[in-house]
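[1] here's a sequence, model it:
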Amino acid sequence: MLHRRLAALGFALVAAMATACGSDEAPVESGTSTVPSSTVPPSTASSSTAPSSTAPSSTAPREPTASTAPRPTSGPSATVAATVPPVPQTEPDSLPARRVALGEAFTVSVGDSVGVSGKGLTVTYAQFVSDNRCPVGVQCITAGNATIVVTIAKQGSAPASLTLNTTEGPKSGSYLAYTVELVQLSRGSSQTGSLRVT
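    Numbering: from 1, shown residues only. You can find the predicted model right below:
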C-alpha cells in the first residue's frame with residue numbers, strides 16, 4: 001500500500017517537471033542579438049561616415065586683414081588742424097613804446113626811436129650831421145642841403161645806418177625789404193625830422 005502511494009507521488013512529480021520543462025522549450029530571443037544591423041535607420045549612423053568634402057571651404061567669405069582694411073582718408077585730427085585759428089604774432093618786447101603803422105609819416109627828434117607795428121622794426125633818428133640850406137627869406141645861388149643819419153633794425157637781423165638828405169643826395173635808403181624816407185627836416189636848433197617807412 002505504501003509502495004503504491006510513493007510510486008504515484010513520484011509519477012506526479014515527474015509529470016510536473018515535464019510540464020515545466022515543456023513550457024521552457026520556446027526559445028528566448030535576446031533583444032540585442034536578434035536585431036539585424038541592417039535595420040538601423042540611416043539617421044543613427046555615425047557622423048564619421050559622412051564625407052568631409054561636402055563642406056565648401058573655398059566659398060566662405062574671408063575676413064579683411066589689417067593690411068587689406070581700407071584706411072580713412074580723413075579723420076578727426078585733420079578736422080581739428082583745419083579749424084585751429086592761426087596764432088597771432090606778438091610784438092617783440094624790445095620795440096619802443098611808441099608805434100607807427102607801415103607807410104605812416106612820423107616826427108622824431110635826435111635820439112628818438114619808433115617801432116613799426118607788425119614788422120618788428122625799430123627806427124631811430126641817430127644823428128644830425130649838417131645843415132647848409134639857404135636861410136628863409138634870403139636868396140641863395142643854391143638851396144643847400146641838410147643831412148641826418150637814421151638807424152634801423154629788425155629783431156634777428158643786423159641793424160643798418162642810413163644817411164638821408166633833404167635835396168643833394170638820396171632822400172631815402174633801403175633796409176631788407178623796407179625803405180626809410182626823409183620827408184621833411186625842420187630848421188633851427190631842434191632839427192626835428194619827419195620820416196616814413198614803406
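
[2] what's the weakest-modelled helix or strand in this protein?
    Every helix and strand in the chain was compared by mean pLDDT, DSSP states H and E; the lowest is helix 76-83, with a mean of 53.

[3] show me what the helix or strand just after that helix is packed up against.
    Later in the chain than helix 76-83, the nearest helix or strand by DSSP states H and E is strand 99-100. Judged by 3 or more Cβ pairs under 8 Å, 6 or more residues apart in numbering; DSSP states H and E, strand 99-100 is in contact with strand 113-116. The way it works is simple: take the backbone N, C-alpha and C, and place the C-beta from them, glycine included.

[4] which neighbours does the helix or strand that the strand it packs on is followed by have in its sheet, and in what orientation?
    Using DSSP H and E, the helix or strand that follows strand 113-116 in sequence is strand 121-131. When pairing is defined by DSSP bridges, strand 121-131 lines up against strand 113-116 (antiparallel), strand 146-154 (antiparallel).

[5] so can I have CSV of these showing mean pLDDT and mean neighbour count?
    Shown next, in CSV, are the strands paired with strand 121-131 (pLDDT from 0 to 100; neighbours: other Cβ atoms under 10 Å):
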stretch, mean pLDDT, mean neighbour count
strand 113-116, 95, 20
strand 146-154, 96, 20
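
[6] hmm, residue 103 is touching residue 195, no?
    No. In this structure, residue 103 is not within contact of residue 195 by Cβ atoms under 8 Å, at 11.6 Å.

[7] who has more neighbours, the two?
    Neighbours were counted for residue 103 and for residue 195 using other Cβ atoms under 10 Å; residue 195 has more, 25 against 9.

[8] ok, that one - contacts?
    105, 106, 107, 108, 114, 123, 125, 150, 180, 181, 182, 183 (Cβ atoms under 8 Å, 6 or more residues apart in numbering).

[9] follow-up on the earlier one: got CSV for the strands paired with strand 121-131, with distance to residue 140 too?
    Formatted as CSV, those follow (distance: least, Cβ to Cβ, whole Å):
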stretch, distance to residue 140
strand 113-116, 33
strand 146-154, 14
